[in-house]
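Enquirer: for reference, the sequence and a predicted model appear below.
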Amino acid sequence: MTGLLTVVGLGPGDPRFLTPAAAEVLASATDLVGYGPYVDRLPKRPGQRRHSSDNRVELDRARFALDLATKGARVAVVSGGDPGVFAMAAAVFEAVDNGDPAWRSLDIRVEPGITAMLAAAARVGAPLGGDFCAMSLSDNLKPWEVVEARLRAALAADFVVALYNPISSARPWQLGAAFKIVAETRDPDTPIILARAVMRPDERIRTLPLSEVEASIADMSTIVIIGASTTKLIERSEGQAPYVYTPRFYGVRP
Ligand code: SAH
């Protein structure tokens, strides 16, 4: 039996946003490997082994999955959203790059998923209609100086900026620091989207002007999207959330 390792994106939550291709891989896997809450999202299947772990040990989990595949298993390593966006796919390739040479001949595939940034954007309108960038605010794997330099560069270039991993109990101050940096150059009425648990039962999405935003509104299930200077709100009736969009043109419409 030839082993196979597929890193599978589960999408933001609601199984309707899992691709049919990803669902096929999950159904035919002999082994599921992943962070507990992601594995828990999947139905139990007779004969399929489940290997849940905590979130801190991505590389160990990747090596474990590679070993299983080397022994002939059809392994699905699961990630929320897209597995290539701040998630397991890079950990798997890092393990291959630095690990057992036998892993290089394995069949390793990546099944894309809808990443949080796209799910959140779709909920509020079209905030990513112009140029945008995404960054992780976590300074677990890179120094804060790098986070800050990249944020400043993105703001200077007037990108819409999506912030993954904005805050956690271990990283309580970084989002507040980021908002202060944003306020140095962006207008106080710049729309900030705080999208929590998008496409899950406890979804909550708010759009606030930069002047009213507070880091305490966000948690580790939140993605933050910072508008560019061209990002606009379309106000609607009382009780209706505004639409948010960024026009595709910049400056004067050609
Ligand atoms: N691979 C994932 C991202 C992993 S990083 C993806 O593509 O979406 C984890 C961060 O993603 C969280 O801190 C949060 O910022 C964001 N995130 C993941 N799922 C989310 C969801 N359903 N709603 C809002 N943000 C989410």
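Expert: Good, I have the coordinates.
Enquirer: for the rest of this, base every contact and every neighbour count on C-alpha atoms.
Expert: OK.
Enquirer: contacts only, for Leu137.
Expert: 147, 163-167, 174-175 (Cα atoms under 8 Å, 6 or more residues apart in numbering).
Enquirer: how much space between it and the ligand?
Expert: Separation of Leu137 from the ligand (Cα to the nearest ligand atom, to the nearest Å): 9 Å.
Enquirer: let me know whether Val33 touches Ala76 as I believe.
Expert: Yes - applying Cα atoms under 8 Å, one finds Val33 in contact with Ala76, separated by 6.2 Å.
Enquirer: which one's more surrounded, those two?
Expert: Per other Cα atoms under 10 Å, whichever of Val33 and Ala76 has more neighbours is Ala76, with 29 against 23.
Enquirer: in terms of helix, strand or coil, where does the more buried one fall?
Expert: The three-state assignment at Ala76 reads strand, by DSSP: H, G, I helix; E, B strand; the rest coil.
Enquirer: isn't it right up against Leu32?
Expert: Yes - with contacts counted by Cα under 8 Å, Ala76 reaches Leu32, the gap being 5.0 Å.
Enquirer: return every residue with contacts to both of these two.
Expert: In contact with both Ala76 and Leu32: Leu26, using Cα under 8 Å, 6+ apart.
Enquirer: where does this protein come near the ligand, residue by residue?
Expert: Counting by Cα under 6 Å from any ligand atom, the residues of the chain close to the ligand are 12-13, 79-83, 85-87, 115-116, 164-166, 195-199, 220-223.
Enquirer: what about the helix or strand where Ile223 lies, distance to the chain center?
Expert: Secondary structure from DSSP states H and E places Ile223 in strand 222-226. On the basis of Cα atoms, centre = their mean, to the nearest Å, strand 222-226 sits 10 Å off its chain's mean C-alpha point.
Enquirer: what's in contact with that strand?
Expert: Here strand 222-226 makes contact (Cα under 8 Å, 6+ apart) with 116-117, 120, 160-166, 190-197, 218.
Enquirer: show me where the stretch 101-250 of the chain has its strands.
Expert: Ranges of strands in the stretch 101-250 of the chain, per DSSP state E, counting those that start in this stretch, are 107-111, 125-126, 132-136, 160-164, 191-196, 204-209, 222-226, 232-234, 243-245.
Enquirer: any regions of the stretch 1-150 of the chain where pLDDT drops low?
Expert: The stretch 1-150 of the chain contains residues with pLDDT under 70 at 1.
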